[in-house]
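Novice: below are the sequence and a predicted model; questions follow.
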Amino acid sequence: MEMMKRFKIWTYREGDHPLVHDGPVNNLYAIEGQFIDEMEDKRNPFRARHPDEAHAFFLPFSVTNVVNYVYEPILSIHDYRRDRLQRVVRDYVRVVADRHEYWNRSEGSDHFMFSCHDWGPDVSSADPELFENFIRVLCNANTSEGFRPKRDVSMADIFLSYGELGPPRLGLDPRNRTILAFFAGGAHGFIRELLLEHWKDKDADVQVHEYLPKGQNYTQLMGRSRYCLCPSGFEVASSRIVEAIYAECVPVIIKDNYWLPFSDVLDWSKFSVRIPVDKIKDIKTILQAIPFEKYMKLQKRVVKVRRHFEVHRPAKPFDVIHMALHSVWLRRLNVKLEQRDY
């Protein structure tokens, strides 16, 4: 792959822990910290030795850590204004721009950030001119909230338990899966509320639970299901899509305005099903109408694409970190074609 041979990334050294050069490596926003750590790992083959040899420039701040450290003292008074987050990021960019020539020469078009926090998209909204060309790698890839598919990168949201890089493989053979569709989760947002309203604890084939019955295992139930329902919560991003893929269960996408991860190279129609929100009541009819032969093809492709959503440290070719970098590489190539004068 040309990217593996050529792509070099400079990670800025400015800033101190914990807001930059660090991030969560476990639980909900784990991939944010894993990516920052990978970029700063001396084993990283994309690591530029000097900024002059870099094709892209990474700003290693963690939105999750900014929220935790800047907002935590005031969250008790329900002050969720984004201006504090925006000031931190804007000040960091200005430090980088003042100390180095690279941001200014390209107006930020070869620079990128990485965030899986729900507030990640908000960092640039207060100063759209400054961030007009900036590449944002975001899990919360909502086109109705300013996500730009040609400029931004949709990243897979991945939950990592402490000390683990993924869940155990508990998926059954597709012919032995007795549950048609499965979901378990809280009523976060109107889409889940609709799903629970129509299906909660009402059907043996479409098993939808707000809370799992005592003694049942979430991962095992996914592994016994042909289709795994992946509705939006309060935001479009959800780790359920990747959890479904890990369980070799065909994801059923129930989201509005969501730009699916790595859509530059992955055709999601080949290994997932998309159901419009207004068809939630018809989930069983829609899924039962899919011929078993087609389901088998979808499921085999889920198995095939699984490697693109796996986390390895150090990263491996074609895994999720390399897929994110490949998406940045593609956008960097576009910048080169559009801006030949630098």
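Specialist: Looks like it came in fine.
Novice: do you know how far the nearest residue in space to Phe131 that is not next to it in sequence is from His326?
Specialist: In space, and not counting its chain neighbours, Phe131 is closest to Ser124: 3.5 Å by C-beta to C-beta, 6 or more residues apart in numbering. C-betas here are computed from N, CA, C, even on glycine. Counting by C-beta to C-beta, to the nearest Å, the gap between Ser124 and His326 amounts to 23 Å.
Novice: what's near enough to touch the residue nearest to Phe131?
Specialist: Ser124 sits next to Gln86, Val89, Leu130, Phe131, Phe134, Arg136, Gly146 when contact means C-beta atoms under 8 Å, 6 or more residues apart in numbering.
Novice: same deal with Ile290?
Specialist: Applying C-beta under 8 Å, 6+ apart, the residues near Ile290 are Val273, Leu298.
Novice: tell me the pLDDT at it?
Specialist: In this model, Ile290 is scored at 98, pLDDT.
Novice: quick one: it is in a strand?
Specialist: No - with DSSP: H, G, I helix; E, B strand; the rest coil as the criterion, Ile290 is assigned coil and is not in a strand.
Novice: in a helix, Asp98, correct?
Specialist: Yes - using three-state DSSP, the secondary structure at Asp98 is a helix.
Novice: burial measure for it, as a count.
Specialist: The number of residues packed near Asp98 is 10, by other C-beta atoms under 10 Å.
Novice: these two touch, right, Ser62 and Gly33?
Specialist: Yes - if you go by C-beta atoms under 8 Å, Ser62 and Gly33 touch, sitting 6.5 Å apart.
Novice: any shared contact partners between those two?
Specialist: Contact criterion C-beta under 8 Å, 6+ apart; residues shared by Ser62 and Gly33: Asp22, Gly23, Pro24.
Novice: next, the last one: secondary structure please.
Specialist: Spelled out, that is Pro24. What three-state DSSP gives for Pro24 is coil.
Novice: tell me which residues touch it, please.
Specialist: So Pro24 contacts Ala30, Glu32, Gly33, Ser62, Thr64, Asn65 (C-beta under 8 Å, 6+ apart).
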